[in-house]
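J.: Sequence first, predicted coordinates after that:
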Amino acid sequence: MTTERLIKKYPNRRLYDTEESRYITLAEVKELVMHTVPFRVVDSQSETDITRAILLQIIMEQESSGNPLFTATMLERFIRFYGDTTQAAFTAFLDQSLDLFIKQQRMFTEQMQGIWSGNPMDFWMKLGQQNMGFWKDMEEAHRNSAQPVGDKPKS
């Protein structure tokens, strides 16, 4: 069972990693995220969980330097969802979308690794066959939708 790493934030704004018994930087917290190490950040005085605030701080630093992930328009749209009746649905949708994206990335990486260990032509042939099947299905759906209602074949 994986235990959560406890990080305490002190009034002097420093972060203390209780597992390693040392102060760490925000960049090191980001590394924990990148390596999927479970952790929780608490205020040292109140014991309040402030993990989200620390994660938002990391996002703010990332957004202000280099190539931002979110456009101003995207952020405006996010803000409009706060307090809206659809806030919970939007949160669930984003979470599920990110999960799906991560799974697809992982599958693609695994397939690409398979290409390099086997015959690359097998992969491209299979991909071509899948794409042809997709286009045939789309063509069939388009053809069926273009027929007048009375002319459609009965199933």
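T.: Ah, there it is.
J.: What separation is there between Ser46 and Tyr10?
T.: Plainly put, Ser46 is 12 Å away from Tyr10 if you go by C-beta to C-beta, to the nearest Å. Backbone N, C-alpha and C define where each C-beta goes, glycine included.
J.: shaky segments in this structure?
T.: 1-2, 114-120, 123, 142, 145-155 (pLDDT under 70).
J.: so which strand or helix has the residue positioned nearest the centre of it?
T.: By C-alpha atoms, centre = their mean, the mean C-alpha position of the chain lies nearest to Leu98, the distance being 3.3 Å. Here Leu98, judged by DSSP states H and E, is contained in helix 87-117.
J.: now do Glu47
T.: Applying DSSP H and E, one finds Glu47 in no helix or strand.
J.: give the contact list for it.
T.: By C-beta atoms under 8 Å, 6 or more residues apart in numbering, Glu47 lies in contact with nothing.
J.: and it, what are its phi and psi?
T.: Main-chain dihedrals, Glu47, degrees, to the nearest 10: phi 60, psi 20.
J.: Could you check how far it is from Ser97?
T.: Distance from Glu47 to Ser97, by C-beta to C-beta: 33 Å.
J.: now do Ile50
T.: Taken as C-beta to C-beta, the span from Ile50 to Ser97 is 26 Å.
J.: where does Glu31 land in three-state SS?
T.: helix (DSSP: H, G, I helix; E, B strand; the rest coil).
J.: Just give the number of residues close to it.
T.: By other C-beta atoms under 10 Å, the residues close to Glu31 number 12.
J.: cool, and Lys8?
T.: 18.
J.: Repeat that for Ile79.
T.: 9.
J.: Settle it for me: which of Ser46 and Tyr10 has more neighbours?
T.: Tyr10 (12 against 8).
J.: Sounds good, over and out.
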